[in-house]
Structure formats: C-alpha cells, structure tokens
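**Student:** got a structure for you, letters missing:
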Ligand code: ATP
Ligand code: MG
C-alpha cells in the first residue's frame, strides 16, 4: 500500500522533472546555437569592415606585383591595421607571406602557417572563402581568405589572409552554458519541490479514501474522509462520505435484523435445522441440538443423515428433498422415549432458487402424555361410575319388581346406599382434584404444631386398625413441637389417607408405625407398615390418578385410586414432597417432607 502511494507521487515528480529537463535542454541548445551563430556573424562583419570598408583590398588591388612592393605594403599594414584585433597577412602567388600585422610571420611560407588548401581554393575560384581551425595549442581560430585581383587583370596577384581568434566567443559560450546548466538545475529543484507538493495534494485525499476504505473493510465506519476543496477530488471525498453513511446505515439495519433473527432462533423453544440440497447442515439452533443430543461442535461437522436422517425412514434425505418440492410436510416420530412433531418446507435463495430445506422440530412428548392422560382419565371416570351405577340399577329394578322379602330388600337397600356413598366419595374426590388442578381450592394455611395433628390422626385411626388387629403406634414424642405452616383439614386428609392405605394393604395383625423427625429445616413424617409392599415398577405410578396396583382388590375395598394423587397435590401445595419406598411382601414406607418454620417471634407462639 505504502509503496504504491509513494510510486504515484514519485512518478508525477519524475514526469515533471523530465518535462522541465527536456524543455530546458532544448532551450539551452537553441540559445547556445543562436549565440554562437550571432557571435560568428558579427566577427565576420568586423573582418568585412576591416578588409573592404577601410579600402585595404582596393589598395592591394592597385599593385601589379605584390612581392616587389612588400615593404610599402608592410608599412601600410603596420600603420593602419596594427591595432585591429584580427591578424592580417598578405600572401603572394608563391605562397610567401610578404607582409603581415604579425611581424613574426613575414617571409615565412603560408603553407606552413596558414590553411594552404583554403588559399589554393580561393586562388582558383577567385572568390573569398573561410574555414575554422584550431592551432596546436587548441586555440580556435577563424581563417578568412580574399583573392587580390588587380583592376586591369583577371589573374590574382595573391591573397589577403585574415585570422581571428575565436577564444572569446568560446569563452562566452562556455559561460552561457554554465548559466543554462545552473538555471536548469534551479528549475529542476523548484520542479521537484512544487511537483512533490502538487502530487501530495492529489495523492493525500486518495490516501485518505484508501485508509477509510481499509477501516470500513474492518467494520469501522466512524472515519470520514476530510473534504478540503470543492474540486473533483473534494467531490470524490464528499461522495465517498455520502456512500459510507448510506452503507453504514444499511449495514446497521442488516445487523439489527440479523441479531433479532439470531436471538429468535436461539431462544425459540422449537428446534430448527436448515440443510442445503446436498444434505449439509447449514444451521441448527440450540433447541434442536438439545433435542437431538449433539454439542455445538459436533453439529458443525455432522451430516444430515447422522444428525436426524437415521431416526425415521420418513426423514431420509431423498424423501425430505422430494416432499419439500410439493410444499410443507408434517410427520411425527419417536426417538429416545420422546415424541417429536416435524414440519419441513424448502427455502429459496436469490441465486440458486431451491436452496435447501428448513426443518422445524417440536418435542410433543408432554402434549402427547397429557392427551393420553386425559383420555385415560375420562375412561377411568366413566368406568368407576359405571360399575356402582349398574349395581344400583340392578338392585333398584329387582326391588321395583316386588316379591322380595323384607330382609333381602333391607340388604339390597344397604348395598344401594353404600354404592351411592362410594359414588358420592368418588365425585367428591374428583371435584377436589379439579379444584386443585384449577387452583380453586380454598386454603386456610396457618402455622401450627404438626405433632398435634399427627397424634390426633393416629388416635382416629387406632380403632380402624384395631378392627384388623393391627397395631398402630406413634414413634414420635408427643411433646416435641414441630412448627409447620399448613392447612389443618387438608393435611389431616393426607395423613389419614396414608395411614388408611397402610391399614388397607396390610394383613390382619400387622404393625403400622407413624414417626416424625427433624432433618435440618425439614420435618419428615413417615408411615411404615409391614404389609403387601409395592413392586418397583408400580412405585412411581401410585401417585397417578386411578392407579391401583391390584385393581380388582382395591375396588372391592371401595377405593378409587385417587387418594395419593390428591395427597401429592396437597403436599406440594405446602412446598413439601411425598415419596414411597417399598419392598414387595415386606412393607411400605411413605415419607412426607415439609419445611419447618424456622423463624421465631412473639406472633408465632401459640
Ligand atoms: P382411595 O385412596 O382413593 O380410597 P386407594 O387407596 O386405592 O384409593 P391411593 O391411596 O391413591 O388409592 O393408593 C394407590 C394405590 O397404591 C393403591 O391402590 C395401592 O395399590 C397402592 N398402595 C398405597 N399405599 C400402599 C401401602 N401402604 N401398601 C401397599 N400398597 C399401597
Ligand atoms: Mg388411599
């Protein structure tokens, strides 16, 4: 990221740099060339001025023979041209320097000192010419050669050879060059600085956008790109901020919806499983995991078949996929002692269309149980009522037919009476159960001494036990105070029922004991007998309505099987528990646990 940012900046600087460098170089070369050309042409004009305007060439043309008049010519040159900056020499046809402003040259051969080729070419062409050359000590010089042609002849008598030193021009050009290089360097430096500032100005907002996008991708929408100008870059930043705001809003809404949905899925009581068409488990909520006994980690790796497909042939993947094409499908299945209702339907996605199947699992065990219980209950009630009613009906009809002796009719009437009593008791019990179920029982709960209640119950039952020659003994000390909050009548009903059960289901001569012991903050009342006992498989069921271990025997004894069901209800209403433990043929112990009143205050003392 960093290198790219830098590269754009440096690339811009480099482009500016090259542009300025090329422009400056072209300008410098052009200017140097022009300066050189100008300098040389003004030098030439200078030579022209010396040679023609001073009348030097005309004067020389006046001599028919140059060598013969060399002295005069030398004098003439020395007088008129010695201060001129150019070196002026006269060469005759034999290429001998006959006169010169530079005395050292006089008498020497021109071909040794001057450019002989130039002289020959001028002599032949009869027109002036020039050449540039450099001396042995690298001094640049300009050689200009003019033919000397007498007025009355066409044959040249010699040449006028002018040499000018170009060093000053060279120096000037060199100085110019240095100036241009310096100017170029300065311009480049300014370019780099300005280019850098300009590039930074352009790249900085881009960097801001890049950084903000990076943060956005990490889920942070709080950063805004600073808008520093109103130009294209400023507008880009503005638009970007606008887009970010909108995106943030939309993402927020989506997130809200998602968490809402997640919460619903998490806390819904029904199990929910989503599978893809390939049978991959996409989602499984907590309730479903609990129902199917899989951990969160397992659920992620498990396949549909291993998860639920194997539980019922109706839940095979191919079947489920097929059926869901036709819409919602419902079925029930049993698993691990529980009953489940399953509903499934396909779900679609925008890209794929039919994307998978959504399965809703409901644990309907309790509902099923309640349904069954209700059915059983109605059947039981009807049955319990039908038997005595049939008896009453039969005896009444016999009596109505007449012809029954008074003793028998008395007996019949007794039976009718006792059957009616039994029905009344049954109806009373049912009504009480219904009141308990619907929480309409009126409670009169007061704090009192449970020992007293127990003593009175034992007393009441002693006579009945005695009829069966059973001993009923109280093991608790009647002086001990066990303070419990209870409804006296209802609790008496419970204890009488439990003791009467022991009396009922214990043979003649048996022993029944009633005890009450503190156990921390709880009092445990136990009623133990050495009677028939209850088999293990029945023991949990004796608290169910109408449940009797030996139906025929119990019914013959006039019991309906509601006693313990009502007792359990009442005890639980007192925040207590009632439990049975028993051994077949040895006896039964019923334990009622009730919370003791722990606090003590004036109001609580009887
Ligand atoms: P009800 O109490 O309505 O007159 P019941 O005594 O038969 O009828 P419950 O008190 O609910 O009904 O008792 C249910 C069943 O539990 C009894 O029918 C009996 O089979 C069994 N049971 C209860 N107590 C004892 C016990 N002490 N010994 C052996 N079996 C018992
Ligand atoms: Mg009973």
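**Tutor:** Perfect, I can see it now. Predicted model only: the values in this text are computed from it and were never measured. Ligands and ions are numbered 1, 2, ... in the order given.

**Student:** quick one: which helix or strand includes residue 371?
**Tutor:** Using DSSP states H and E, residue 371 sits within helix 365-401.

**Student:** do the same with residue 443
**Tutor:** Applying DSSP H and E, one finds residue 443 in no helix or strand.

**Student:** look up phi and psi at the nearest residue to it once chain neighbours are set aside.
**Tutor:** Residue nearest to residue 443 in three dimensions, not counting chain neighbours: residue 487, with 5.1 Å by Cβ to Cβ, 6 or more residues apart in numbering. Bear in mind the C-beta positions are built from the backbone N, C-alpha and C, glycine included. Backbone geometry at residue 487, expressed as degrees, to the nearest 10, gives phi -90, psi 110.

**Student:** quick check: buried residues in the helix holding residue 371?
**Tutor:** 368, 380-381, 384, 388, 391-392, 395 (16 or more other Cβ atoms under 10 Å).

**Student:** for ligand 2, tell me which of those residues show up nearby.
**Tutor:** Residues of the buried residues of helix 365-401 in contact with ligand 2 (Cβ under 5 Å from the ion): none.

**Student:** burial count for residue 417?
**Tutor:** The number of residues packed near residue 417 is 11, by other Cβ atoms under 10 Å.

**Student:** what about it, distance to ligand 1?
**Tutor:** Going from residue 417 to ligand 1 by Cβ to the nearest ligand atom, to the nearest Å gives 18 Å.

**Student:** how about residue 204?
**Tutor:** Distance from residue 204 to ligand 1, by Cβ to the nearest ligand atom: 89 Å.

**Student:** now that residue: which helix or strand?
**Tutor:** helix 167-217.

**Student:** equivalent analysis for residue 360, please.
**Tutor:** strand 353-363.

**Student:** so what does that strand touch, helix or strand wise?
**Tutor:** strand 271-276, helix 286-292, helix 317-325, strand 338-349 (3 or more Cβ pairs under 8 Å, 6 or more residues apart in numbering; DSSP states H and E).

**Student:** relative to ligand 2, which of the ones you listed is closest?
**Tutor:** strand 338-349 (32.0 Å; Cβ to the ion).

**Student:** what does the closest one contact?
**Tutor:** 274, 291, 315, 320, 323-325, 327-334, 354-365, 368 (Cβ atoms under 8 Å, 6 or more residues apart in numbering).

**Student:** give the partner strands of that strand in its sheet and their orientations.
**Tutor:** As defined by DSSP bridges, the strand partners of strand 338-349 come to strand 329-335 (antiparallel), strand 353-363 (antiparallel).

**Student:** can you pull the buried residues of the shortest one?
**Tutor:** So that's strand 329-335. 329, 333, 335.

**Student:** taking their axis directions, it and helix 365-401 sit at what angle?
**Tutor:** Relative orientation of strand 329-335 versus helix 365-401 (axes from the mean of the first three to the mean of the last three Cα atoms, to 10 degrees): 80 degrees.

**Student:** single out the residue in this structure that lies closest to ligand 2.
**Tutor:** residue 563 (2.9 Å).

**Student:** which residues touch that residue?
**Tutor:** Contacts of residue 563 (Cβ under 8 Å, 6+ apart): 429, 497, 500-501.

**Student:** again, but for residue 495
**Tutor:** 453-454, 457, 525, 527, 592.

**Student:** got those residues as a markdown table, with secondary structure columns?
**Tutor:** Output for those, formatted as a markdown table (DSSP: H, G, I helix; E, B strand; the rest coil):
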| residue | secondary structure |
| --- | --- |
| 453 | helix |
| 454 | helix |
| 457 | helix |
| 525 | strand |
| 527 | strand |
| 592 | strand |
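
**Student:** between the residues you listed, which sits nearest residue 136?
**Tutor:** Using Cβ to Cβ, residue 592 comes nearest to residue 136 of those, at 141.7 Å.

**Student:** which residue packs closest to the closest one, ignoring adjacent ones?
**Tutor:** Here the residue nearest residue 592, using Cβ to Cβ, 6+ apart, is residue 525, at 4.4 Å.

**Student:** A strand includes residue 151, no?
**Tutor:** No: secondary structure of residue 151 (three-state DSSP): coil, not part of a strand.

**Student:** for residue 58, see how far away it is.
**Tutor:** As for residue 151, its distance to residue 58 is 9 Å (criterion: Cβ to Cβ, to the nearest Å).

**Student:** between these two, which one's more packed in?
**Tutor:** residue 58 (12 against 8).

**Student:** contacts only, for that one.
**Tutor:** Here residue 58 is in contact with no residue (Cβ under 8 Å, 6+ apart).

**Student:** what about the helix or strand where it lies, distance to the chain center?
**Tutor:** For residue 58, the element it lies in under DSSP H and E is helix 56-61. Taking Cα atoms, centre = their mean, to the nearest Å, the mean C-alpha location of helix 56-61 is offset from the chain mean by 105 Å.

**Student:** and what of stretch 391-403?
**Tutor:** Worked out by Cα atoms, centre = their mean, stretch 391-403 lies 85 Å from the chain centre.

**Student:** could you give the average pLDDT over that stretch?
**Tutor:** Mean pLDDT, computed over stretch 391-403, is 93.

**Student:** which element is residue 589 on?
**Tutor:** Using DSSP H and E, residue 589 falls in strand 587-595.

**Student:** what is the mean pLDDT for that strand?
**Tutor:** Strand 587-595 comes out at a mean pLDDT of 97.

**Student:** partner strands of that strand, parallel or antiparallel?
**Tutor:** strand 522-529 (antiparallel), strand 577-583 (antiparallel).

**Student:** got a markdown table for the strands paired with strand 338-349, with mean pLDDT and distance to ligand 1 too?
**Tutor:** Listed next are these as a markdown table, based on pLDDT from 0 to 100; distance: least, Cβ to the nearest ligand atom, whole Å:
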| stretch | mean pLDDT | distance to ligand 1 |
| --- | --- | --- |
| strand 329-335 | 88 | 29 |
| strand 353-363 | 90 | 30 |
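
**Student:** can you put those strands in a markdown table and add distance to residue 42?
**Tutor:** Compiled in a markdown table, these are given as follows (distance: least, Cβ to Cβ, whole Å):
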| stretch | distance to residue 42 |
| --- | --- |
| strand 329-335 | 110 |
| strand 353-363 | 92 |
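
**Student:** many thanks, I have nothing further to ask.
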